[in-house]
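J.: Model the structure of this input:
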Amino acid sequence: MTTSCSAPLLAAAVLVLALLAGDVQAAPSPAPVVDTVADSCDAIRDFVDYAFCASALRSGGGPGASTADRHAHLLVAADLAAARGASARDAADAMARAERDPAARDGMEACGILYGATSVPALRFLRGYAAARAWDRARPLLALTGQAGIGCEAALGGAPEAKGRMAEANREFDQLSTMATALLNKVDTLG
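T.: Predicted coordinates:
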């Protein structure tokens with residue numbers, strides 16, 4: 001008896017579930033996550049090596065880097081460039097103190113001055129203005145932000161060994177300051 005009573009109830013339950021299933025809509029799928037680091041680096045790939053850019057933003061931007069907006073990436077790039085410039089300044093100052101060759105010593109002192117008196121302070125100001133979205137104040141600093149790497153290399157032209165010791169710092173600084181410049185140009189044009 002329970003078998004004959006269960007079958008109609010089971011059939012009715014299946015029918016009710018089928019009718020309800022027709023009215024139930026699937027939950028919307030979440031929007032695809034966009035990797036904003038890839039987007040920012042792709043936007044400036046004509047100026048900065050894509051792999052360098054992505055690596056720098058991911059390491060310097062922390063766990064939220066891949067979802068941060070381009071403005072946040074600009075701030076990270078400016079911070080990284082200023083930090084690398086300060087490190088290069090400290091290295092140049094230390095090498096100048098230990099250098100016996102007068103041409104190399106003078107070149108290293110020039111490097112320390114270029115990093116410490118032009119590019120690093122300019123990047124710090126640029127970062128502050130960019131954080132406030134004061135593009136009219138940030139833009140004039142672009143002429144100073146990248147000068148140290150190029151100027152340091154030129155100052156060490158007569159001292160090839162000293163030039164070689166600063167080459168990595170100058171190259172990395174150039175890439176980071178160019179990255180900040182390119183991102184500023186992209187963010188500034190977006191409004």
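
J.: Which residue would you name as the spatial centre of the protein?
T.: Nearest to the geometric centre of the chain sits residue 57, at 3.4 Å (CA atoms, centre = their mean).

J.: How about that one: what's its closest non-neighbour residue?
T.: Once flanking residues are discounted, residue 57 sits nearest to residue 37: 4.8 Å by CB to CB, 6 or more residues apart in numbering. Using the backbone N, CA and C atoms, a C-beta is placed for each residue, glycine as well.

J.: circling back to that earlier point, for the helix or strand encompassing the residue nearest to the centre of the chain, enumerate the helices and strands it packs against.
T.: Per DSSP states H and E: residue 57 is located in helix 50-60. Secondary-structure packing of helix 50-60 (3 or more CB pairs under 8 Å, 6 or more residues apart in numbering; DSSP states H and E): helix 36-43, helix 70-98, helix 160-190.

J.: Check which residues of the second one are buried.
T.: Within helix 70-98, the residues that count as buried by 16 or more other CB atoms under 10 Å are 70-82, 84-86, 88-89, 91-93, 95-96.

J.: cool, the shortest one as well?
T.: Of the residues in helix 36-43, those with enough neighbours to count as buried (16+ other CB under 10 Å) are 36-37, 40-41, 43.
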